[in-house]
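Participant: here's my sequence, what's the structure:
(chains A and B)
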Number of protein chains: 2
Amino acid sequence: MRLNHSFVVPLLLALLAGATGQSKTVAERLGYSADSKLLIIHADDLAVAHSEDSASFGALDLGAVTSASIMIPCPWLDEVADYAKSHPDADLGLHLTLTSEWKTYRWGTVESKDEVPSLFDPSGYLWPTEDVAAQHIKADEVEREIRAQIERAFAMGIHPTHLDSHMGTLFTRPDLFAVYVKVAREYKLPFLAVRTPDAPAGLLSALSEKDIVLDSLVVADPRNAPADWPAFYATAIRNLKAGLTEIIVHLGHDDAELQAVMVDHPDYGAAWRQRDYNVVTSPEFKKVLQDNHVILIKWKDLKKLLN
Amino acid sequence: MRLNHSFVVPLLLALLAGATGQSKTVAERLGYSADSKLLIIHADDLAVAHSEDSASFGALDLGAVTSASIMIPCPWLDEVADYAKSHPDADLGLHLTLTSEWKTYRWGTVESKDEVPSLFDPSGYLWPTEDVAAQHIKADEVEREIRAQIERAFAMGIHPTHLDSHMGTLFTRPDLFAVYVKVAREYKLPFLAVRTPDAPAGLLSALSEKDIVLDSLVVADPRNAPADWPAFYATAIRNLKAGLTEIIVHLGHDDAELQAVMVDHPDYGAAWRQRDYNVVTSPEFKKVLQDNHVILIKWKDLKKLLN
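Facilitator: All right, here's what the predicted structure looks like:
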């Protein structure tokens, strides 16, 4: 498989074997009981393709997802900025972008190319995978670029509610993770980090007790058969534990544009994104959430705890 | 109307009131009689959107258009480069790009931003129209950028057969036109220039007798009703005069992607591009070409005359 995606990498590499010892849980700080099941349903990859934007805006408008994140260097940024400005309550963060993974449709940096040369592959785009990127990118240039992405978001009228990392590139090295945490704190933005038992110690040291950390993360597994998509998500909801969970979905319509962007790549491809869209907007999924007493929250709820 | 498009500007501003006095006509130099009606049917704007690429590749494969040109800074460049490499006989030139005209979907330069700051508007993309661009862009930065676009094409495995100018920005000032002509000659590439009676003298002075110049240019007029599209092109073919003509068409499918790119802009919009595609691929259009003894040629035929 050519790509490992953002949703896989944080799960595998990410962070924190219980290093943060808040005296109160996040649920309690938000006014819920300590045993509450808090859930963010999050759509990744806005601004890549109109098909993804259209599906994600639809799901946000329906409340089928609570949050989403934007890839600032991507071609459809203005469409997303228009949506953000006309939907000031929408919970939109930045999917900080250091890779350009598709075969026929690629992008570069926000920062001037000359200032961040290590971020470019020989063909003149961002590196195609997080692993290859991790072999080449320099932390000081990464810091320049992610600051440029954040500043560009503000300049476009977007007020980001949180940060995360496309394809988990910022979780591949401790120095990159340290930059991510530093910049997020500076902007007073919560950022995606997950409490897992196998988190590398080199990453843990960047975090403090003040950082908000997820307890678990759910993403669809490519080994699921397409027909099992609804059951996968229903099971994930039934198995939710007390604490703070994010389900990351990838929404899109299985149309000509998205099929062309994701050509030769069924994993996280156009049909996959249509399946994710179909599940999160279905009445069955809504009922499972209700039946399991899941409390849906947004990143902006977490952001308030930082200010 | 927010935009004036490439196909309008060369027609209005372009060049040459009979300044080039070749002893033989282009038709004769290509082995045809002096009274031949030579025609290039040319698709603009490849690499902007998958919908445009897909329609243009289809029309090239059918021989419904003879030539096309690519916008190198645009998101779908890799899809077009793949096509160029798998179709080495396809007649593909460069639609040198100094503007980014759509509302929700925009692009920048190939050259590093720091090196060509005058090419960017305050929102960080290329200027939206050729008129506004002409008020700001510096000729030395334009030269850097168009050289970068040509070099990037070669680096991507594209061997351009000709040059032209998206939205005619390079025809808006004599110094920009001089850069265009100089660079085209250096790469031994024919370039779009049209013999019209109203060409500004300041542009004429850049041309020499060795440059190949079109006798006329045809583009669909926005004042045509959609139902009159086939009749417009059939009349244009019937009215062709001896000499070298280019019909510029804008191909695409009237689908969700293209409707979103061209939102709020029916002129040269998604339905327009579908109509252009329907006409050029129709048997009726083919018959009109045959009945009027039109000789279809490519830019690469003209390129051979330069070497």
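
Participant: tell me the contacts of the residue nearest to A:Asn307 when sequence neighbours are not counted?
Facilitator: Distances taken as CB to CB, 6 or more residues apart in numbering or on different chains put A:Lys188 closest to A:Asn307, at 5.9 Å, once the chain neighbours are dropped. The way it works is simple: take the backbone N, C-alpha and C, and place the C-beta from them, glycine included. Each residue near A:Lys188 by CB atoms under 8 Å, 6 or more residues apart in numbering or on different chains is listed here: A:Lys303, A:Leu306, A:Asn307.

Participant: A:Lys188 and chain B, how far apart?
Facilitator: 24 Å (CB to the nearest CB, to the nearest Å).

Participant: I'd assumed that residue was in a strand, is it?
Facilitator: No - secondary structure of A:Lys188 (DSSP: H, G, I helix; E, B strand; the rest coil): coil, not part of a strand.

Participant: quick check: phi and psi at it.
Facilitator: phi 60, psi 40 (degrees, to the nearest 10).

Participant: before we move on, what about the one 10 residues further on?
Facilitator: Here is the backbone geometry of A:Asp198 (degrees, to the nearest 10): phi -100, psi 20.

Participant: next one: the biggest helix by length in chain A to chain centre, how far?
Facilitator: In terms of residue count, the longest helix belonging to chain A (DSSP state H) is helix A:139-155. Centre-to-centre, helix A:139-155 and its host chain are 17 Å apart (CA atoms, centre = their mean, to the nearest Å).

Participant: ok, and what's touching the helix or strand following it?
Facilitator: The first helix or strand that comes after helix A:139-155 along the chain, using DSSP states H and E, is strand A:163-165. Strand A:163-165 has contacts (CB under 8 Å, 6+ apart) with A:6, A:10, A:44, A:69, A:93-96, A:98, A:150, A:171, A:180, A:183-184, A:187, A:189-192.

Participant: in PyMOL, select just the buried ones from those.
Facilitator: PyMOL command restricting the contacts of strand A:163-165 to the buried ones, with burial defined by 16 or more other CB atoms under 10 Å in any protein chain shown:
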select buried, chain A and resi 6+10+44+69+93+94+95+96+98+150+171+180+183+184+189+190+191+192
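
Participant: please report how far the nearest residue to A:Asp114 once chain neighbours are set aside lies from B:Thr99.
Facilitator: In this structure, A:Asp114 finds its nearest non-sequential neighbour in B:Ser112, 4.1 Å apart by CB to CB, 6+ apart. Going from B:Ser112 to B:Thr99 by CB to CB, to the nearest Å gives 19 Å.

Participant: now swap in A:Lys24 and tell me
Facilitator: A:Lys24 is 55 Å from B:Thr99, by CB to CB.

Participant: which one's more surrounded, those two?
Facilitator: Neighbour tally, A:Lys24 and B:Thr99, criterion other CB atoms under 10 Å in any protein chain shown: the higher count belongs to B:Thr99, 29 against 9.

Participant: next one: that one from chain A, what distance?
Facilitator: For B:Thr99 relative to chain A (CB to the nearest CB), the value is 15 Å.

Participant: is it true that that residue touches B:Leu126?
Facilitator: Yes - under the criterion of CB atoms under 8 Å, B:Thr99 makes contact with B:Leu126 at 5.3 Å.

Participant: show me what from the stretch 101-250 of chain A comes close to chain B.
Facilitator: Proximity of the stretch 101-250 of chain A to chain B, by CB under 8 Å from any CB of the partner chain, involves residues A:103-107, A:110-115, A:123-124, A:152, A:155-156.

Participant: which one of those sits in the busiest neighbourhood?
Facilitator: A:Tyr105 (25 neighbours).

Participant: pretty sure that one is in a strand, no?
Facilitator: No - using three-state DSSP, the assignment for A:Tyr105 is coil, not a strand.

Participant: distance of it relative to A:Ala153?
Facilitator: Distance from A:Tyr105 to A:Ala153, by CB to CB: 22 Å.
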